[in-house]
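Novice: 3D model of this:
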Amino acid sequence: MRKTLRWLGQTAAALALVGFTGTPASAAPITDNMYPTANTRWACPSSATLVTAGFCQTDNSTVTYYYNTSGISSAAKSAINTIAGRYNSTDLNFSYKSTVVWTGSGETDIVYWQGTIPDGYVGFAWCNDRVDANANRCDQHYVRFKSSTPSITTVCHETGHAVGLTHGANANLPLDNDDTRLGCMTNPSASSSLGAHNVDMINATY
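Specialist: Numbers count the residues shown, from 1 in each chain. From the prediction side, this is the model:
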């Protein structure tokens, strides 16, 4: 399916270049912004630090999440739960767990917390434990926010990274990072909506 999406995206671009104005049999995706793409130049990492950080896909469609109760505000917890509900409109199944599992086959898929991140960022997502050395999928992503009360747009954006969604510049074909068709995956994020394209990408992957 992923190869089909990439072919369709390239076909759509080619048709636009030659001035095609008819109605295609089915709408092609605007781009492929699901890790890995030709423009994601990092391997799925396995690191507890930000030194070699990068995100990849989550390991399957069942996504468990946890937030650090001491560093995340009540408003942030509400925003995370709201965004989890929006991701549940896709083929992913998000569920909150009150206890985090750090190791083993049942690791919590996304762990949200507040802490230090590189200058210029309001949130950062990275894979802490990839499935295996040759995999594009991750058993556990960390999502760290600079503020204890991140905006709902930031929560949507970083959660997107934790399931594999990229910025426009990392997509194949590349888009401007502020292309509104990317929903909350614009950079900087200006929307708390996944948008139809991201929903399609998630459903085609999981």
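Novice: neighbours around the nearest residue to Thr90 once chain neighbours are set aside, how many?
Specialist: Excluding the flanking residues, the one nearest Thr90 by CB to CB, 6 or more residues apart in numbering is Ile202, at 4.4 Å. Quick note: C-beta positions are derived from backbone N, CA and C, even for glycine. For Ile202, the count of nearby residues is 23 (other CB atoms under 10 Å).
Novice: buried sites along the one helix or strand Ile202 maps to?
Specialist: Secondary structure from DSSP states H and E places Ile202 in helix 195-205. Judged by neighbour count using 16 or more other CB atoms under 10 Å, the buried positions of helix 195-205 are 195, 197-202, 205.
Novice: sorry, back to before: any idea how far the residue nearest to Thr90 lies from Asp178?
Specialist: Using CB to CB, to the nearest Å, we find Ile202 at a distance of 21 Å from Asp178.
Novice: what does Thr31 give?
Specialist: Taken as CB to CB, the span from Thr31 to Asp178 is 14 Å.
Novice: neighbour count: these two, which is higher?
Specialist: Thr31 (27 against 13).
Novice: neighbours of the closest residue to the more buried one other than its chain neighbours, how many?
Specialist: Leaving aside its chain neighbours, Thr31 sits nearest to Ala171 (4.2 Å; criterion: CB to CB, 6+ apart). By other CB under 10 Å, 27 other residues sit near Ala171.
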